[in-house]
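>>> Dropping a prediction and its sequence here:
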Amino acid sequence: MSARIDHTTTSGTFSLDGQTFEVDNNVWVVGDDHECVVVDAPHDVSAILELVGNRDVLAIVATHGHDDHVRFAPELAAAVGAPILLHPEDLVLWRMTHPEREPDRMLADQEVIGVAGTGLRVLHTPGHAPGAVSLYSVDLNTVFTGDTLFAGGPGATGRSYSDFGVIIDSIENRLFTLPDETTVRPGHGPSTTIATERPHLGEWRDRGY
């Protein structure tokens, strides 16, 4: 199995509910020397193209529809000739950024996206956004969690289309059922592991974070 994970960080803004914030986003690329899948397309197409190199991009997968994760997805898709994949429940967020252009295909819970001899299993993990997904690779011992789970806690749920109880349920019943040693690679900030985060679930639930 020759698949690997490449990574870069881009900087830009996140806007929702009339407010705008400066953010740094992780971009993850899963593949080998010949083909890959891009996880999220935030602020800088050139940085993603540099990470991809001359590989065939099979898909651009959006972990959710917030603008800091999909802003440059159409431009990247045009540059590499790849389809954009999004969960249908996040179309409402996608259309705030791209009213003129729909994603190419809708993601389904438990489907497997094949790349470089491995598979990324789609886990619907709503809460931060209604159509948020995580991508789990048993071969790579990794789950890409978007903004559902970070090092130190769940994603934010204080804005439109988010729900704290739902994100806690997603973390407990979808992510914390993964093996302890699974590396969590989020949409922002450092990576962590399932074992590191699982003991804190009760604390997050009790304080509403």
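Ah, there it is. Just so it is clear, the model here is predicted, and its values are computed rather than measured. Numbering: from 1, shown residues only.

>>> Neighbours of the closest residue to Asp44 other than its chain neighbours, how many?
Leaving aside its sequence neighbours, Asp44 sits nearest to Thr10 (CB to CB, 6 or more residues apart in numbering; 4.3 Å). From N, CA and C alone the C-beta is placed, and that goes for glycine too. Per other CB atoms under 10 Å, the neighbour tally for Thr10 reads 21.

>>> Ramachandran angles for Thr10?
phi -120, psi 160 (degrees, to the nearest 10).

>>> Provide a list of residues in contact with it.
Asp24, Asn25, Val27, Pro42, His43, Asp44, Ala47, Ile48 (CB atoms under 8 Å, 6 or more residues apart in numbering).

>>> which non-adjacent residue is nearest the fifth one?
Translated: His43. Per CB to CB, 6+ apart, closest to His43 is Gly12, 3.1 Å.

>>> hang on, that neighbour packs against Asp40?
No - if you go by CB atoms under 8 Å, Gly12 and Asp40 don't touch, sitting 12.0 Å apart.

>>> who's more crowded, these two?
Counted by other CB under 10 Å, Gly12 and Asp40 do not tie: Asp40 has more neighbours, with 28 against 17.

>>> who touches that one in this structure?
Contacts of Asp40 (CB under 8 Å, 6+ apart): Asn25, Asn26, Val27, Trp28, Val61, Ala62, Thr63, His69, Val70, Gly146, Gly187.

>>> In the sheet, which residues pair with the second one? Tell me.
With beta bridges defined as DSSP bridges, Asn26 has these partners: Thr9.

>>> Work out the gap between the helix or strand of the chain with the lowest mean pLDDT and the centre of the chain.
In the chain, no helix or strand scores lower on mean pLDDT, DSSP states H and E than helix 201-207, which sits at a mean of 93. Remark: helix 201-207 is offset 23 Å from the chain centroid, using CA atoms, centre = their mean, to the nearest Å.

>>> Extract the C-alpha trace of it and format it as CSV.
Taking Å, rounded to 0.1, in the frame of the first residue of the first chain, the C-alpha atoms of helix 201-207 are listed here in CSV:
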residue,chain,number,x,y,z
LEU,A,201,-16.1,14.0,26.1
GLY,A,202,-18.0,14.3,29.4
GLU,A,203,-16.2,17.6,30.2
TRP,A,204,-17.2,19.0,26.8
ARG,A,205,-20.8,17.9,27.3
ASP,A,206,-21.1,19.3,30.8
ARG,A,207,-19.8,22.8,29.9
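
>>> what comes up buried for it?
Residues Leu201, Trp204 are the ones in helix 201-207 that count as buried (16 or more other CB atoms under 10 Å).

>>> what helices or strands is that helix leaning on?
If contacts are counted by 3 or more CB pairs under 8 Å, 6 or more residues apart in numbering; DSSP states H and E, helix 201-207 sits against helix 164-170.

>>> got the CA positions of the helix it packs on in PDB?
Output in PDB follows, covering the C-alpha atoms of helix 164-170 (Å, rounded to 0.1, in the frame of the first residue of the first chain):
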ATOM      1  CA  PHE A 164     -24.000  21.400  20.000                       C
ATOM      2  CA  GLY A 165     -26.000  18.300  20.900                       C
ATOM      3  CA  VAL A 166     -25.700  17.000  17.400                       C
ATOM      4  CA  ILE A 167     -21.900  17.500  17.200                       C
ATOM      5  CA  ILE A 168     -21.400  15.700  20.500                       C
ATOM      6  CA  ASP A 169     -23.500  12.800  19.200                       C
ATOM      7  CA  SER A 170     -21.400  12.700  16.100                       C
END
